[in-house]
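Participant: Next one to model:
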Amino acid sequence: MATVSLVALLLVACGCSVQPTATPTAARRAPARSTDPTTTSTTSAPPTTAPPSATPTTVPAPVVQTPGWSGALTTLPPGGGFTSLSCISDTFCVATGGGTSGDTSSLTAGSGVAVSWDGATWSDPSVYFPGPASGPVTAPILPAISCTSGPTCVIVDGSDHLSYGDGTNWSAPSAMALGPSLTVNPQDPGPGHPGSRAAAVACPVSTFCAVVDNTGHAFALRNGSWAPTQSFGLPGSRGTTVSLYQPGRIGVACPTGASCTAVVGATVLDWDGSTWAQESAPWTSSPTSGPSDPTALACPSATTCIIANGSSVSVRSAGSGWSPEETIDTRGGLDSISCPSASYCLAADTGGSVVAWNGTSWSAPRQVIPAAAEYPGLGTSVSCASPQFCMVMNGDGDYATYSGGASGPTP
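Facilitator: Got it, this is the predicted structure:
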């Protein structure tokens with residue numbers, strides 16, 4: 001049976017007729033640097049953000065490097081900072097950002113932008129979601145990206161819009177069906193509210209994606225169509241707090257199309273191939289301390305997942321449930337984690353440090369990029385295509401790569 005691409009599935013599912021503006025090209029490409037973003041979205045609305053400066057807006061501070069890691073480098077921030085990174089090989093990574101910060105109290109508004117990396121250089125920015133010319137800023141908000149072989153990439157944001165493409169050419173963003181109404185939270189009652197909004201996406205194969213947002217909506221694309229949207233919105237331990245409406249990052253990981261785990265606020269959700277269900281969280285909370293606010297997770301297999309929460313991680317193994325929290329980074333602020341195998345993981349914190357798991361123990365934190373100065377609230381992203389290649393990037397666009405070695409980058 002012929003393989004159906006995610007692009008075709010999304011067009012059928014959303015009833016759209018748009019196509020990417022060009023056939024996806026090979027992963028390795030190095031277009032000439034320009035000071036103007038190249039708009040390759042099929043939408044006709046022009047971007048409203050000023051072009052990125054021809055000169056990087058941040059200069060990485062010198063940091064001590066270990067063998068295998070590049071020096072701290074920088075790419076051009078996309079008029080709003082980088083919020084997500086996805087690498088499928090050592091010659092193909094895509095970073096996305098721009099849009100809005102998700103909170104009108106400190107709003108950075110503009111177009112959603114993506115840049116692709118070919119192993120040596122970054123492409124010119126491509127606008128996948130032009131910002132509104134006027135009126136309230138509704139999207140894009142804190143975009144997240146997941147890429148798989150093809151290359152095929154999917155971008156979602158906190159306003160529950162979705163775009164797909166090859167890293168350079170993007171479909172027009174389409175709104176996802178939100179489904180049932182949620183329990184109202186005074187801090188963030190839902191779409192259109194000026195409070196924090198966030199989403200996460202995982203696409204393990206070209207025919208399946210899972211999407212969650214921080215208002216409790218969970219989506220899954222399976223067998224060519226979207227499963228019915230499910231909503232979760234249970235009160236937290238303090239009565240007035242709905243655990244799903246936490247600000248900041250959330251996470252979803254899918255080792256297969258029949259196995260996903262998501263962490264949203266103090267809630268853990270699981271997808272079994274047909275439905276989402278809520279499970280007990282691996283941490284404890286009390287009326288005095290309030291719910292924990294985990295930010296990321298990775299699942300290298302259907303039986304193993306790791307959740308990062310502040311300075312600690314919890315591991316779920318087959319038949320044993322979640323382990324007690326283990327402190328791995330005394331600096332705290334763990335923002336992202338990537339596990340290309342069950343015996344290797346790399347976690348990154350807000351300050352630009354990484355800690356590595358070798359299947360037995362965690363290394364000490366080691367700084368590989370500087371802490372973000374312009375966009376410190378967007379966090380640090382990490383993506384490992386394999387134990388032999390990883391990239392770390394902060395909101396300013398400062399990044400470092402690791403290449404080589406049989407057992408992965410040990411700080």
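Participant: What is the end-to-end distance of stretch 386-404?
Facilitator: 10 Å (Cα to Cα, to the nearest Å).
Participant: next one: stretch 206-223
Facilitator: 11 Å.
Participant: Tell me the buried residues in it?
Facilitator: 206-222 (16 or more other Cβ atoms under 10 Å). The way it works is simple: take the backbone N, C-alpha and C, and place the C-beta from them, glycine included.
Participant: One more: stretch 332-352?
Facilitator: Within stretch 332-352, the residues scored as buried using 16+ other Cβ under 10 Å are 333-340, 342, 344-352.
Participant: where does the chain dip in pLDDT?
Facilitator: Within the chain, the segments meeting pLDDT under 70 span 1-67, 101-109, 134-139, 179-196, 224, 233-248, 284-293, 405-411.
Participant: Now do the helices in it.
Facilitator: For the chain, helices defined by DSSP state H occupy the ranges 6-14.
Participant: Distance of the residue lying closest to S343 once chain neighbours are set aside relative to V382?
Facilitator: Spatial nearest neighbour of S343, chain neighbours left out: G359 (3.3 Å); criterion: Cβ to Cβ, 6 or more residues apart in numbering. From G359 across to V382, the span is 18 Å (Cβ to Cβ, to the nearest Å).
Participant: okay, those two: which has more neighbours?
Facilitator: Neighbours were counted for G359 and for V382 using other Cβ atoms under 10 Å; V382 has more, 24 against 11.
Participant: need the contact list for the more buried one.
Facilitator: By Cβ atoms under 8 Å, 6 or more residues apart in numbering, V382 lies in contact with L85, S336, I337, S338, L346, A347, A348, V354, C390, M391, V392, M393.
Participant: Bridge partners for it, pull those for me.
Facilitator: V392 (DSSP bridges).
Participant: in terms of contact, does F129 touch H161 like I think?
Facilitator: Yes: between F129 and H161 there is a contact under Cβ atoms under 8 Å: 6.9 Å.
Participant: More neighbours: which of the two?
Facilitator: Using other Cβ under 10 Å as the criterion, F129 and H161 rank with F129 on top: 28 against 23.
Participant: Excluding residues flanking it in the chain, which one is nearest the more buried one?
Facilitator: Here the residue nearest F129, using Cβ to Cβ, 6+ apart, is G112, at 3.4 Å.
Participant: got it, and S323?
Facilitator: Sequence neighbours aside, V315 is the residue nearest to S323 in space, at 4.6 Å (criterion: Cβ to Cβ, 6+ apart).
Participant: And S311, how close does it get to S363?
Facilitator: 15 Å.
Participant: ugh, wrong one, I meant S274
Facilitator: From S274 to S363 the distance is 39 Å (Cβ to Cβ).
Participant: Which one's more surrounded, those two?
Facilitator: Neighbour count, other Cβ under 10 Å: between S274 and S363, S363 has more, with 15 against 9.
Participant: Just to check, the more buried one is in contact with V355?
Facilitator: Yes: the pair formed by S363 and V355 meets the contact definition of Cβ under 8 Å, at 5.6 Å.
Participant: hmm, back to that, mind listing what the residue nearest to F129 touches?
Facilitator: 96-99, 127-131, 139-140, 143, 155, 157, 163, 173 are the contacts of G112 under Cβ under 8 Å, 6+ apart.
Participant: Mind doing that once more with 10 Å?
Facilitator: 41, 47, 49, 78-80, 83, 96-100, 126-131, 139-143, 155, 157, 161, 163, 170, 173 (Cβ atoms under 10 Å, 6 or more residues apart in numbering).
Participant: just V264 next, same as before
Facilitator: 198-200, 212-218, 232, 243-246, 249-252, 278, 294.
Participant: Tell me how far it lies from M176.
Facilitator: 16 Å.
Participant: Then V315?
Facilitator: 31 Å.
Participant: Next: P140.
Facilitator: Going from P140 to M176 by Cβ to Cβ gives 13 Å.
Participant: what do those two both touch?
Facilitator: Common neighbours of P140 and M176, using Cβ under 10 Å, 6+ apart, are V156, S159, H161, A199.
Participant: Nearest to D90 among the residues you listed?
Facilitator: Lowest distance from D90 to those (Cβ to Cβ) belongs to V156, with 25.3 Å.
Participant: Surely that closest one touches P143?
Facilitator: Yes: V156 lies in contact with P143 (Cβ atoms under 10 Å); the separation is 7.0 Å.
Participant: Next, show the common contact partners of these two.
Facilitator: Joint contacts of V156 and P143 (Cβ under 10 Å, 6+ apart) are S84, T96, S163, P173, A198, A199, V201.
Participant: So what pairs up with the last one in the strands?
Facilitator: Looking back up the chat, that one is V201. Beta-bridge partners for V201, by DSSP bridges, are V211.
Participant: OK, contacts around it?
Facilitator: So V201 contacts 84, 86, 143-146, 153-157, 162, 209-213, 219, 252, 254 (Cβ under 10 Å, 6+ apart).
Participant: Which ones among the residues you listed lie within strands?
Facilitator: Per DSSP state E, strands hold the following members of the contacts of V201: 84, 86, 144-146, 153-156, 162, 209-213, 219, 252, 254.
Participant: When P140 and M176 are compared, which one has more neighbours?
Facilitator: A direct count of neighbours by other Cβ under 10 Å for P140 and M176 places P140 higher, at 31 against 20.
Participant: any idea how far Y375 is from the more buried one?
Facilitator: P140 sits 15 Å away from Y375, taking Cβ to Cβ as the criterion.
Participant: what do you get for I141?
Facilitator: Distance of I141 to Y375, computed by Cβ to Cβ: 14 Å.
Participant: picking up where we left off before, show me the common contact partners of F129 and H161, please.
Facilitator: With Cβ under 10 Å, 6+ apart as the test, F129 and H161 both reach G99, G112, A139, P140, I141, P143, I155, A172, P173.
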